[in-house]
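Novice: Next one to model:
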Amino acid sequence: MNAVGLRKILKKIVKRFGYKFTDYYVKTRANHPYSQLRQVFKHVSIGAVVGAISHNLADLKEHHGDFVSRYDDQPAFGDQDPVIDSIKAAVNSKHALIMREELPDPSEDDDDEQRYHFMSLLLNLANTFLYMVNTYIVVPMADDYSLSLVAQVFSSVYFSAWSNRSYLRPLLFSSFVLLVGNILYALAYDLNSLSVLLIGRLFCGLGSARAVNRRYISDCVPLKLLMQASAGFVTASALGMACGPALACLSQTHFKVYKIIFNEDTLPGWVMAMAWLIYLLWLWLSFREPPPHEPKNKTVFHEPNAGYAVLVNDAVELLTPSVKVQLLLYFMLKYVMEILLAESSVVTTHYFIWSTNSVAIFLVCLRLTVLPVNIVVGNYISNIFEERQVLLASEIMVCIGILLSFHIFIPYSVPQYVCSALVTFVSAESVNLSLLSRVMSSRLSRGTYNGGLPSTETGTLARVIADGTITLSGYLGENRLLNVTLVPSLFICISSIAATCVTYNSLY
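Specialist: Got it, this is the predicted structure:
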């Protein structure tokens, strides 16, 4: 089986006839979902190949002499063809064709079963939900949470490293820091202190444990439940994004208890502080620390290109062009969504004179579209089209939504803003991280620099830059804020579409 020769022959056929079936058979890697080579790497399939060759050679030997050959010397058939001997020797030797680091290890499945605990997974998802509520509960009222986003960039790294030794301790520390941060945020109003307010938001950013949440799912959930757990993570995030503005809408009140003022500015902080206190107690009593993950065959870590990425340089080397394009796309989606959500209070107040309640209701309705869209895409559209096709179509729809958002000639109206925001948000949320997990190396499945860390850092960095864009654009005046912030969004979106088209054949 000369793979190089086969590849050259197929390229000649493609060049002559124009039928690009090499995309489905020998293009780039063997783990293409439509590649037949993937099946050949399995031990049973190699045995089937040996059986087919043996059967055909025996049939040819039986009819030897019945056919006219164009060559003068006809080959002699022995009892055993040397090709079959070579294949059998390759299978039985350590240089077999089976890609051991790419195929699932049954021992790892058993280890995941031992590490899996339903209540711990539920607590992990509850942490995701509460943190998203904590993040977006202040969006309808102010844009002062940018500092917490900057802190999230650094918190993801040390939480990911800490989770090498424990999952319970990082989650306990995260919950305690968020409890303190929300109390400081709520007390800043009574103390009339901007410093206390900023320290509170900084603590809320340092308490971001989303890197731990992602890693716990990838490390401690069995493969058969991984899809459901990932769907639960997306659902918990979406519900948190929707409940945050809803709680802000319900917090429009004003009363005083023992010299402490409770109003629309302080009540979200007190509510979240109480929620984190209850969660902290629940976490301490019910979370079960998973046993350490130690592969039984430890020699695999000394083989080239085997084991998990333990250094930054190792992780960077594993970021292939396909992975980089997916991270660029993820950056674009988070940037566009943050621009849309963070400036909604300013834009709607300037153009439509909306109140805080109106902005909160609009954001709740917008974020509640996430669940039905994910259901439709996951259950129907993904079964009809390839993920890369859905990916490209979503990018184009995001670009159309951005173009519809510009205020150019006609008076800016509520239907234009709502429809363009709906197209942009729905298209951005319909693309999930499943394609990123497919193109990412299996060596990034665990460890400090696992696959969840780049996506977490990319999303957080996009939100930080988006908030910085809004802040700088605000100096030009509210009447120019919308168009000025949409220009970089459009540029990044067009760049991501171009990058997707360039690497389209390697996205699977």
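Novice: how about the helices in the stretch 151-300 of the chain?
Specialist: 168-191, 194-206, 210-220, 226-250, 267-286 (DSSP state H, counting those that start in this stretch).
Novice: just the ones you listed: most buried one?
Specialist: helix 210-220 (a mean of 24; mean count of other Cβ atoms under 10 Å). Bear in mind the C-beta positions are built from the backbone N, C-alpha and C, glycine included.
Novice: neighbouring contacts of that helix?
Specialist: Helix 210-220 is contacted from outside by 112, 115-117, 120-121, 124-125, 127-128, 131, 152, 155-157, 159-160, 162-163, 167, 170-171, 174, 226, 229-230, 233, 290, 293, 445-446, 450-453, 455-456, using Cβ atoms under 8 Å, 6 or more residues apart in numbering.
Novice: cool, stretch 123-134 as well?
Specialist: The contact list for stretch 123-134, computed with Cβ under 8 Å, 6+ apart, reads 167, 171, 174-175, 178, 182, 204, 207-210, 212-213, 216-217, 232-233, 236-237, 239-241, 243-244, 247, 272, 275-276, 279, 282-283, 286-287.
Novice: Quick check: mean pLDDT of that stretch?
Specialist: The average pLDDT for stretch 123-134 rounds to 94.
Novice: What residues of it count as buried?
Specialist: Going by neighbour count (16 or more other Cβ atoms under 10 Å), the buried part of stretch 123-134 is 123-134.
Novice: Need phi/psi at the residue lying closest to S174 once chain neighbours are set aside.
Specialist: With sequence-adjacent residues excluded and distances taken as Cβ to Cβ, 6 or more residues apart in numbering, S174 is closest to A209, at 3.9 Å. Dihedral pair for A209: phi -110, psi 30, per degrees, to the nearest 10.
Novice: I figured A209 hits L168, correct?
Specialist: No. The pair A209 / L168 is not scored as a contact, 11.4 Å apart, by Cβ atoms under 8 Å.
Novice: picking that back up, quick one: which of the buried residues of stretch 123-134 is nearest I353?
Specialist: Nearest to I353, judged by Cβ to Cβ, of the buried residues of stretch 123-134 is V133 at 27.6 Å.
Novice: Point me to the helix or strand that includes that closest one.
Specialist: helix 118-136 (DSSP states H and E).
Novice: quick one, that helix and helix 210-220 angle?
Specialist: 160 degrees (axes from the mean of the first three to the mean of the last three Cα atoms, to 10 degrees).
Novice: just the angle between helix 118-136 and helix 226-250, please?
Specialist: For helix 118-136 against helix 226-250, the angle by the same axes, to 10 degrees is 40 degrees.
Novice: okay, now N357: neighbour count?
Specialist: 15 (other Cβ atoms under 10 Å).
Novice: can you tell me the helix or strand for it?
Specialist: Using DSSP H and E, N357 maps to helix 356-367.
Novice: Quick check: what element follows that helix along the chain?
Specialist: Sequence order places helix 370-376 as the next helix or strand after helix 356-367, per DSSP H and E.
Novice: Using PDB, write out the CA atom coordinates for that following helix.
Specialist: Output in PDB follows, covering the C-alpha atoms of helix 370-376 (Å, rounded to 0.1, in the frame of the first residue of the first chain):
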ATOM      1  CA  VAL A 370     -29.900  30.900  22.100                       C
ATOM      2  CA  LEU A 371     -31.600  27.700  23.200                       C
ATOM      3  CA  PRO A 372     -34.000  27.200  20.300                       C
ATOM      4  CA  VAL A 373     -31.300  28.100  17.800                       C
ATOM      5  CA  ASN A 374     -28.900  25.600  19.300                       C
ATOM      6  CA  ILE A 375     -31.600  22.900  19.200                       C
ATOM      7  CA  VAL A 376     -32.400  23.600  15.600                       C
END
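Novice: what helices or strands is it leaning on?
Specialist: helix 226-250, helix 414-429 (3 or more Cβ pairs under 8 Å, 6 or more residues apart in numbering; DSSP states H and E).
Novice: Without its sequence neighbours, what residue ends up closest to Y185?
Specialist: Once flanking residues are discounted, Y185 sits nearest to G200: 3.4 Å by Cβ to Cβ, 6+ apart.
Novice: go on, M132?
Specialist: G240 (2.6 Å).
Novice: check contacts around the one you found.
Specialist: G240 neighbours (Cβ under 8 Å, 6+ apart): 128-133, 135-136.
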